[in-house]
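Peer 1: okay, sequence plus prediction incoming.
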Amino acid sequence: MDLSDDQQQAFMLYAQLLLAEAAGVRQPPVCSVLTGKAGSGKSRVLQALLWFAYQHRCESLIALVSYTWRAALHDSTPGVLGTSTTSFFATAGTFGPPHRDRVERNLNGVRFIFLDEFSTCGLSHWARICMHVHAARRH
């Protein structure tokens with residue numbers, strides 16, 4: 001897959017982090033946003049990273065989520081199946097112990113959450129995601 005210089009820079013950053021984590025070298029938390037106009041290649045970087053993880057057998061470190069199932073399934077690979085944010089973070093309905101446990105299971109071993117099309121998430125949805133992740137991490 002051919003990547004531009006800018007795309008290669010983002011790819012290399014995450015690829016190095018993935019390989020270090022796969023080798024058992026815990027990396028400090030990274031919170032980053034890959035932005036760009038439509039057609040700028042954000043999805044190409046994501047797809048390259050997912051295939052890289054698959055080839056290096058570290059796909060279990062990644063969760064691929066999107067607000068829409070269409071986007072989540074579009075980016076899926078054999079090793080990383082995309083899911084909706086609503087399913088992964090259990091944001092629909094009342095949040096109780098069974099939902100918290102599901103979010104905890106979903107996050108188990110995951111070091112990278114790639115959220116595609118994050119701009120489609122409203123603030124209330126983001127707030128529920130954050131609340132559910134914190135509840136699962138505290139448990």
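Peer 2: Yep, it's here.

Peer 1: now do stretch 4-12: distance to the chain's middle.
Peer 2: Remark: stretch 4-12 is offset 18 Å from the chain centroid, using Cα atoms, centre = their mean, to the nearest Å.

Peer 1: now stretch 117-137
Peer 2: Centre to centre, stretch against its chain (Cα atoms, centre = their mean), the figure for stretch 117-137 is 13 Å.

Peer 1: show the average pLDDT along that stretch.
Peer 2: Here stretch 117-137 scores 87 as its mean pLDDT.

Peer 1: pull the residues that contact that stretch.
Peer 2: Here stretch 117-137 makes contact (Cβ atoms under 8 Å, 6 or more residues apart in numbering) with 33, 66-68, 71, 85, 89-91, 95, 99-101, 103-104, 107, 115. From N, CA and C alone the C-beta is placed, and that goes for glycine too.

Peer 1: any idea how far apart the tips of stretch 18-30 sit?
Peer 2: Distance between the boundary residues of stretch 18-30 (Cα to Cα, to the nearest Å) amounts to 12 Å.

Peer 1: the contacts of stretch 117-137, buried ones only, as a PyMOL selection?
Peer 2: For anyone working in PyMOL, the buried entries among those, judged by 16 or more other Cβ atoms under 10 Å, can be selected with:
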select buried, resi 66+67+68+71+85+89+90+91+95+99+100+103+104+107+115
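
Peer 1: can you give me the buried ones in stretch 105-115?
Peer 2: If you call a residue buried by 16+ other Cβ under 10 Å, then stretch 105-115 has these buried ones: N106, L107, R111, F112, I113, F114, L115.
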